[in-house]
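[1] Build the 3D model from these lines:
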Amino acid sequence: MRRAMLAAAVLLSLSAAAVAMTRPQELGGSIDATQPYGRGSLTWLVFTAYEATLWTDATSWSMNAPFALTLTYRMSFTTEELVERTVDEMAKVSPTTLKATLGQYAAALRRAFPNVKDGDRITALHLPGSGVRFFHNGVKTAAIADPAFAEPFFGIWLSPKTSEPRLRAALLRLR
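    Modelled structure (predicted):
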């Protein structure tokens, strides 16, 4: 029985890794990479909230080159849970962002983030000068054209001020 449970756990882990490695269709012609730049997961105790995958054609990641961050969820979250956590994390990595601006971002994120369940994927595609486009399971949900939005949003995962430095290191290949 233990052996069967271990085998099932290994298979689930391998299939989750394969899903995280699959090139999202929403990258379209914006990013040609066939392999992710970096990947990692957000885990609390033994629960994985999501797998994160960073995509770019650049030889080293930069806010000045197109890139996409894909989160493949392993738990269910409501739109409000996603928005609240996102805005809280944006405030932490960018404390100079005004509360009024964060309120505007929260409203935009409500359009971008649907409720998610295990296996759902949200991709945020950053095109410098054009803002950030959001996709849920490959379908565009929103675009935020405000050029000031991208840095605090992606800073949640990619800023040195992130609350998840191990995930940042995995995404940016720093380890």
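[2] contacts and neighbour counts: CA atoms only from here.
    OK.
[3] where does the chain dip in pLDDT?
    1-21 (pLDDT under 70).
[4] Tell me where it has helices.
    Secondary structure of the chain (DSSP state H): helices at 2-21, 79-93, 99-112, 150-158, 165-171.
[5] Okay, buried residues for the second one please.
    Which is helix 79-93. Buried positions in helix 79-93, judged by neighbour count with 16 or more other Cα atoms under 10 Å: Thr79, Leu82, Val83, Thr86, Val87, Glu89, Met90, Ala91, Lys92, Val93.
[6] Isn't the third one up against Leu109?
    Yes: with contact defined as Cα atoms under 8 Å, Val83 reaches Leu109; the gap is 6.1 Å.
[7] From Arg166, how far out is Ile122?
    Separation of Ile122 from Arg166 (Cα to Cα, to the nearest Å) stands at 21 Å.
[8] Looking at the two, which is more packed in?
    Ile122 (24 against 16; other Cα atoms under 10 Å).
[9] what number of residues lie near Gly28?
    For Gly28, the neighbour count with other Cα under 10 Å is 9.
[10] Let me see the contact set for it.
    By Cα atoms under 8 Å, 6 or more residues apart in numbering, Gly28 lies in contact with nothing.
[11] How much space separates it from Leu125?
    Counting by Cα to Cα, the gap from Gly28 to Leu125 is 10 Å.
[12] Pull up the pairing partners for the longest strand seen in the chain, direction included.
    The longest strand of the chain (DSSP state E) is strand 47-56. Applying DSSP bridges to the sheet, strand 47-56 is found paired with strand 38-44 (antiparallel), strand 67-73 (antiparallel).
[13] Please produce TSV containing the ones you listed, extended by mean neighbour count and distance to Trp61.
    Shown next, in TSV, are the strands paired with strand 47-56 (neighbours: other Cα atoms under 10 Å; distance: least, Cα to Cα, whole Å):
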stretch	mean neighbour count	distance to Trp61
strand 38-44	18	10
strand 67-73	24	8
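[14] Dump these to CSV, plus distance to His136.
    Below are those laid out as CSV (distance: least, Cα to Cα, whole Å):
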stretch, distance to His136
strand 38-44, 18
strand 67-73, 10
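[15] And those: which comes nearest Leu171?
    The closest approach between Leu171 and any of those, judged by Cα to Cα, belongs to strand 38-44 at 4.0 Å.
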